[in-house]
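Student: A predicted structure for the sequence below; I have some questions about it.
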Amino acid sequence: MSLNYSELAVEGVRSLKPYQPGKPIDELARELGLNEEDIVKLASNENPLGPSPKALDAIRKEFDELTRYPDGAGFELKKTLCEKLGTSPEQLTLGNGSSDILDFIVRVFVNDGDDVVFSEHAFAIYGLVAKMVGANCIVTPAKNYGHDLEAMASAITDRTKIVFVTNPNNPTGTWNSKNELITFLKSVPTHVIVLLDEAYFEYVHEADYPNGIELLNSYPNLVITRTFSKAYGLASLRVGYGISSAELADLMNRVRPPFNVDSFALAAANATLQDEAYVKASIALNDEGMAYLTSEFDRLNLGYISSVGNFVSFKVPDGSDSMKVYADLLGKGVIVRPVANYGMPEYLRVSIGTMAENRLFVAALEAVLFE
Ligand SMILES: *Cc1c(COP(=O)(O)O)cnc(C)c1O
């Protein structure tokens, strides 16, 4: 007799759809018989500059320690983070990517049948980590593709445990101002956790864009997440962190696996944090690429959502199918990201690359759409 194991799986897992990552370069190379060097991947908001040389040096120094467990407390990385952020080590939780922190906060506070709230078009991981523990996901309608914080506050009930706010949001690149965020935080009952995801914090230049850390003292229910996967160029190593009150960090550290960040990730993150020139160059390259891509979208008469991140979602022309445009771009060796699963079937998201990559993308897109 064969068992149907999916019937034995917990309910939250049975209905789960796995996260859909951007297509890896080697996979497309295998499928199309292309050389990896001829493929441009602009699908996962990665840093196109390559890693900081200081990160590479730091990793080499760790080779001889390969047999040892990493520092489970992440002492050195936390020390540097505290110098940069003005926090204390007790306020930090290290994650295997900042996605890890999203999982921790859910496991600390959410029971089967509780609610979590997030916006339409929000980052996909919130729904995944919440459904895993049997939570109900309350999805509020977006306003011009961005978070409607008033609607999100109104969706809070006695059953709500966490509200996820992404600033700026992925895949829309939309953001909320300091005033909007403070008005929202004031209206959220303090027993509801606000998870403020600042994965793209470093890229934003807007004067009234809020720094969540400055709000921590006033809002004890606030947890901020940041990552080394984007502006710090370490997506492969998986390292991110949470910033909160010491009390919330203590709770998250109880569910954190003891060695969730490896020695290479700890060393590389610490080194890149101190490589200010690298981060500056990453941001400058992003600014240049964003200006170029949006001017090209204008030239090609393609709509796009104004973005403050390292990516932009653009609209395929009326009557064309975004999945066909995506597939045709793949055929030309250019990987972008479909966002139909984010409720945006007429859009594709492109990450800002090097200027050479951006030009290759524009040439391929123009050929696919207009030739
Ligand atoms: C990329 C991204 C993250 C970061 O994920 P990591 O696990 O740190 O690599 C978090 N939130 C959003 C909205 C993102 O787009």
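Tutor: That came through fine.

Student: can you list the residues of this protein near the ligand?
Tutor: Within the chain, the positions lying close to the ligand (C-beta under 6 Å from any ligand atom) are 45, 97-99, 123, 166, 170, 197, 199, 227, 229-230, 235, 240. All C-beta atoms are positioned from the backbone trio N, CA, C, and that covers glycine.

Student: ranges for the helices of the stretch 101-250 of the chain?
Tutor: Using DSSP state H, counting those that start in this stretch, the helices found in the stretch 101-250 of the chain span residues 125-132, 149-154, 178-187, 246-255.

Student: Determine the set of other helices and strands touching the last one.
Tutor: To tie it back to what came earlier, the one meant is helix 246-255. strand 92-95, helix 98-109 (3 or more C-beta pairs under 8 Å, 6 or more residues apart in numbering; DSSP states H and E).

Student: again, but for the second one
Tutor: Packed against helix 149-154 by the contact rule (3+ C-beta pairs under 8 Å, 6+ apart) you find strand 115-119, strand 136-140, strand 160-166, helix 178-187.

Student: List the strands paired with the first one, with their directions.
Tutor: For strand 115-119, the paired strands and their directions (DSSP bridges) read strand 136-140 (parallel), strand 160-166 (parallel).

Student: Let me know the angle separating the first one from helix 125-132.
Tutor: Between the axis of strand 136-140 and that of helix 125-132 there is an angle of 150 degrees, by axes from the mean of the first three to the mean of the last three C-alpha atoms, to 10 degrees.

Student: Looking at strand 136-140 now, give me its mean pLDDT.
Tutor: Strand 136-140 shows a mean pLDDT of 97.

Student: Low-confidence stretches in this structure?
Tutor: Applying pLDDT under 70 to the chain flags residues 1.

Student: which residue ranges form the strands in it?
Tutor: Counting by DSSP state E, one finds strands in the chain at the ranges 40-41, 92-95, 115-119, 136-140, 160-166, 193-197, 222-227, 240-243, 311-315, 334-335, 337-338, 347-351.

Student: looking at the helices of the stretch 101-250 of the chain, which is buried most?
Tutor: Mean neighbour count (mean count of other C-beta atoms under 10 Å) peaks for helix 125-132 among these, with a mean of 21.

Student: How about residues contacting that one?
Tutor: Outside helix 125-132, the residues that touch it by C-beta atoms under 8 Å, 6 or more residues apart in numbering are 12-13, 15-16, 19, 99, 102-103, 106, 110, 116, 118, 137, 162, 164, 195.

Student: now the angle from that helix to helix 98-109?
Tutor: Using the same axes, to 10 degrees: helix 125-132 against helix 98-109 is 40 degrees.

Student: what about dumping the CA coordinates of helix 125-132 to CSV?
Tutor: The C-alpha coordinates for helix 125-132 follow below in CSV (Å, rounded to 0.1, in the frame of the first residue of the first chain):
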residue,chain,number,x,y,z
ILE,A,125,8.4,35.6,1.0
TYR,A,126,5.9,37.1,3.5
GLY,A,127,3.1,34.9,2.3
LEU,A,128,5.4,31.8,2.2
VAL,A,129,6.7,32.1,5.8
ALA,A,130,3.2,32.9,7.1
LYS,A,131,1.4,30.1,5.3
MET,A,132,3.9,27.6,6.6
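
Student: Tell me what angle it forms with strand 193-197.
Tutor: Using the same axes, to 10 degrees: helix 125-132 against strand 193-197 is 140 degrees.

Student: any idea how far residue 90 is from the ligand?
Tutor: 22 Å (C-beta to the nearest ligand atom, to the nearest Å).

Student: Contact partners for the nearest residue to that residue once chain neighbours are set aside?
Tutor: In this structure, residue 90 finds its nearest non-sequential neighbour in residue 246, 3.9 Å apart by C-beta to C-beta, 6 or more residues apart in numbering. Residues near residue 246 by C-beta under 8 Å, 6+ apart: 88, 90, 91.

Student: now do residue 275
Tutor: Contacts of residue 275 by C-beta under 8 Å, 6+ apart are 52, 53, 54, 55.

Student: Kindly list the main-chain dihedrals of it?
Tutor: phi -100, psi 80 (degrees, to the nearest 10).

Student: So what's the residue count around whatever residue of the chain ends up closest to the ligand?
Tutor: Taking C-beta to the nearest ligand atom as the measure, the point where the chain comes nearest the ligand is residue 97, at 2.5 Å. Neighbour count of residue 97, defined by other C-beta atoms under 10 Å: 24.

Student: same deal with residue 39?
Tutor: Neighbours of residue 39 (other C-beta under 10 Å): 21.

Student: Can you verify my assumption that it contacts residue 336?
Tutor: No. Between residue 39 and residue 336 there is no contact under C-beta atoms under 8 Å: 12.0 Å.

Student: Would you tell me which of the helices of the stretch 101-250 of the chain gets closest to residue 308?
Tutor: helix 178-187 (13.8 Å; C-beta to C-beta).

Student: got the CA coordinates for that closest one in CSV?
Tutor: Presented in CSV, the C-alpha positions along helix 178-187 are these (Å, rounded to 0.1, in the frame of the first residue of the first chain):
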residue,chain,number,x,y,z
LYS,A,178,8.6,59.3,6.7
ASN,A,179,5.3,61.1,7.5
GLU,A,180,3.2,58.3,6.0
LEU,A,181,5.2,55.7,7.9
ILE,A,182,4.9,57.5,11.2
THR,A,183,1.2,58.1,10.8
PHE,A,184,0.9,54.4,10.2
LEU,A,185,3.0,53.3,13.1
LYS,A,186,1.0,55.5,15.4
SER,A,187,-2.2,53.8,14.3
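
Student: which residues touch that helix?
Tutor: With contact meaning C-beta under 8 Å, 6+ apart, helix 178-187 is reached by 149-150, 152-153, 165, 167, 176, 194, 196, 208-210, 212, 215, 218-219, 222.
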